[in-house]
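Student: Sequence plus the predicted model coming up.
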Amino acid sequence: MRIPFVGSAAVTEGHLSRSQLRTSYRPIYRGIYVPARHEPTLRDRIVGASLATGGVIAGVAASAWHGASWVDADTDIEVVSTGRPQRGLVLHNERITSHEITCIDCVRVTTRARTAFDLARRLPRDKSVARLDALMHANPFAMDDVYALTGRNPRARGLPLLRKALPLVDGGAESPRESWLRLLFIDAGLPKPTTQFVLYEDRRYVRRIDMVWTEFKVGAEYDGAQHLTSRAQYAKDVWAARALARLDWHIVHVIKEDDSHEIVNEARAALLSRGWRP
């Protein structure tokens with residue numbers, strides 16, 4: 001018996017008795033069960049939401065089903081469906097066509113373009129760009145397809161938000177913090193950086209830099225926990241730093257505790273010192 005499952009069907013088909021269902025299993029949605037001690041994964045909750053509503057998985061959950069990372073297991077599951085609200089589900093009773101629905105692993109989910117359309121108009125700009133970056137990085141979608149949906153849905157809520165977010169999407173971002181850092185620079189009036197730039201020295205690989213302004217040999221990297229917990233990563237960082245110094249690159253290293261203004265000031269000063277003029 002696959003997990004999660006429809007409790008009434010399991011009883012009707014003779015897989016479980018009502019007593020077994022009540023004592024050894026627990027519901028994650030109305031009528032949808034998992035073993036009592038099982039901690040539902042994001043996949044479990046998405047499959048369960050599909051079984052519980054018969055609707056189409058949408059939004060952040062849909063992006064995860066398409067392969068996007070950085071989606072927590074306890075994220076509310078959005079579903080295009082009618083029905084009674086319940087904990088952990090967000091129901092959207094709205095128009096959706098068959099062309100905006102696909103089926104992946106027996107779960108009906110919004111297409112990549114429709115998923116991007118929904119993310120861009122339902123979330124604040126910075127959050128939507130981070131989610132769209134993650135989707136684009138994992139499973140690229142065509143911007144023209146998303147814009148076409150705005151033409152077919154001219155009265156959809158949130159279109160002004162969508163028009164602000166879509167031009168800022170960059171699938172090069174490998175984490176929400178990289179998306180945040182790129183937007184920080186753009187909002188400060190700095191040139192739009194190129195993401196995931198691979199640098200070589202005498203045809204030998206040196207480093208892939210999170211974002212760069214190649215003309216000025218200035219770059220920026222968001223240093224996460226792996227830079228502190230892995231000795232191998234630390235050694236690679238040291239060797240790369242020496243090569244970057246030889247090649248006259250200025251890299252702005254950013255950590256979680258840094259002040260936003262100081263990050264921007266360092267990047268701006270480096271760009272100005274190397275010939276950039278606003």
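Tutor: Yep, that arrived.
Student: need the strands for this structure, in chain order.
Tutor: Secondary structure of the chain by DSSP state E: the strands cover 5-6, 25-29, 32-35, 56-58, 77-80, 89-92, 101-104, 107-110, 194-201, 204-213, 218-222, 250-254.
Student: Other residues contacting the third one?
Tutor: It stands for strand 32-35. Strand 32-35 is touched from outside by 3-7, 10, 21, 24-28, 40, 44, 48, 51-52, with contacts defined as C-beta atoms under 8 Å, 6 or more residues apart in numbering. Where you see a C-beta, it was placed from the backbone N, CA and C, and this is true even at glycine.
Student: ok now it, how far from the chain's centre?
Tutor: Offset of strand 32-35 from its chain centre (C-alpha atoms, centre = their mean, to the nearest Å): 28 Å.
Student: residues in contact with residue 17?
Tutor: So residue 17 contacts residue 11 (C-beta under 8 Å, 6+ apart).
Student: For residue 263, see how far away residue 26 is.
Tutor: Remark: distance between residue 26 and residue 263 (C-beta to C-beta, to the nearest Å) = 46 Å.
Student: So between those two, which is more surrounded?
Tutor: residue 263 (20 against 15; other C-beta atoms under 10 Å).
Student: from what I can see that one touches residue 187, true?
Tutor: No: taking C-beta atoms under 8 Å as the definition, residue 263 is not a contact partner of residue 187, at 11.8 Å.
Student: re earlier: would you convert the strands of the chain into a markdown table that also reports distance to residue 70?
Tutor: Compiled in a markdown table, the strands of the chain are given as follows (distance: least, C-beta to C-beta, whole Å):
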| stretch | distance to residue 70 |
| --- | --- |
| strand 5-6 | 28 |
| strand 25-29 | 22 |
| strand 32-35 | 24 |
| strand 56-58 | 17 |
| strand 77-80 | 16 |
| strand 89-92 | 19 |
| strand 101-104 | 19 |
| strand 107-110 | 18 |
| strand 194-201 | 16 |
| strand 204-213 | 15 |
| strand 218-222 | 13 |
| strand 250-254 | 18 |
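Student: burial of the residue lying closest to residue 266 once chain neighbours are set aside, as a residue count?
Tutor: Nearest residue to residue 266, sequence neighbours excluded (C-beta to C-beta, 6 or more residues apart in numbering): residue 252, at 5.1 Å. Residues within reach of residue 252, counting by other C-beta under 10 Å, total 24.
Student: Over to residue 274?
Tutor: Neighbourhood size, residue 274 [other C-beta under 10 Å]: 14.
Student: How about the contacts made by it?
Tutor: Residues near residue 274 by C-beta under 8 Å, 6+ apart: 216, 217, 218, 250.
Student: For it, give me the backbone phi and psi.
Tutor: Here is the backbone geometry of residue 274 (degrees, to the nearest 10): phi -110, psi 20.
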